[in-house]
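Trainee: whatever this is, show me its structure:
(one chain, ligands or ions: 1)
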Amino acid sequence: MDVFEAIRTRLTVREFLPDAVPDEVLDRIVEAARLAPSSRNLQPWHFVVVTDSATLSQIGAIASSGRFVGNAPAAVAVAMDGADRPDLDAGRAIQQMELMAWSEGLGTCFVGLRDETQNAEIKALLGIPAEFQLITVLPFGYRQRVTVGAKGRKNRKPLSEVAHRERFGEPYA
Ligand SMILES: Cc1cc2nc3c(=O)[nH]c(=O)nc-3n(C[C@H](O)[C@H](O)[C@H](O)COP(=O)(O)O)c2cc1C
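Mentor: Numbers count the residues shown, from 1 in each chain. Model (predicted):
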């Protein structure tokens, strides 16, 4: 799948087939994260890959906006260690994992973990140091057949609302 096709068709997936994700596929997903760019190339990230079903169930039980993690065959927690701009750096790595996974027939969903208690509980469960910032736990699994224009649909503002030519306010097209 070429890059634009992956970007065009990717959708958030919250229901997964029960099939295990092969190690080599998980390796490519984590490698996609490792290769992401970061501010000053500090690479201030750690990726905790979880495939133990009991741990995944516990994460799903804790994360109120990500119950579906409990039904995924794998997940990757993204924890940042002292970054200047942790959200931006993490976002680059997360998007690379999402697109890599999509191109392999898998899906994922960003789980926000904004509740401080839930966030701390998941860090403790995974042994992530308390001073690290846990950004998300991304569940991964093979997706049901989801295609843009059929069951799934991209819901985005039109280009005319968000793109400008030369100067803000000048129509792009
Ligand atoms: C920063 C961020 C946080 C999100 N948090 C959650 C979440 O906690 N739970 C959830 O179900 N979806 C979450 N999402 C998924 C968004 O709802 C989804 O990406 C958006 O509706 C667009 O849908 P699409 O990804 O299918 O195009 C989050 C997405 C982002 C980028």
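
Trainee: and this structure, which of its residues are near the ligand?
Mentor: Proximity of the chain to the ligand (CB under 6 Å from any ligand atom) is limited to residues L11, T12, R14, S65, G66, C109, F110, V111, G112, K154. Heads up, the C-betas are built off the backbone N, CA and C, glycines and all.

Trainee: output the contacting helices and strands for the longest helix seen in the chain.
Mentor: Secondary structure of the chain read by DSSP state H shows that its longest helix is helix 86-103. Applying 3 or more CB pairs under 8 Å, 6 or more residues apart in numbering; DSSP states H and E, one finds that helix 86-103 contacts helix 3-9, helix 23-34, strand 45-50, strand 74-80, strand 133-142.

Trainee: how about TSV for these, with mean neighbour count added?
Mentor: Putting those into TSV (neighbours: other CB atoms under 10 Å) gives the following:
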stretch	mean neighbour count
helix 3-9	12
helix 23-34	16
strand 45-50	18
strand 74-80	24
strand 133-142	24
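
Trainee: isn't A93 right up against W45?
Mentor: Yes: under the criterion of CB atoms under 8 Å, A93 makes contact with W45 at 5.8 Å.

Trainee: I'd like the helices and strands packed on helix 86-103 written out as JSON lines, with mean pLDDT and distance to G169 added.
Mentor: Listed next are these as JSON lines, based on pLDDT from 0 to 100; distance: least, CB to CB, whole Å:
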{"stretch": "helix 3-9", "mean pLDDT": "94", "distance to G169": "26"}
{"stretch": "helix 23-34", "mean pLDDT": "98", "distance to G169": "37"}
{"stretch": "strand 45-50", "mean pLDDT": "98", "distance to G169": "38"}
{"stretch": "strand 74-80", "mean pLDDT": "98", "distance to G169": "36"}
{"stretch": "strand 133-142", "mean pLDDT": "98", "distance to G169": "34"}
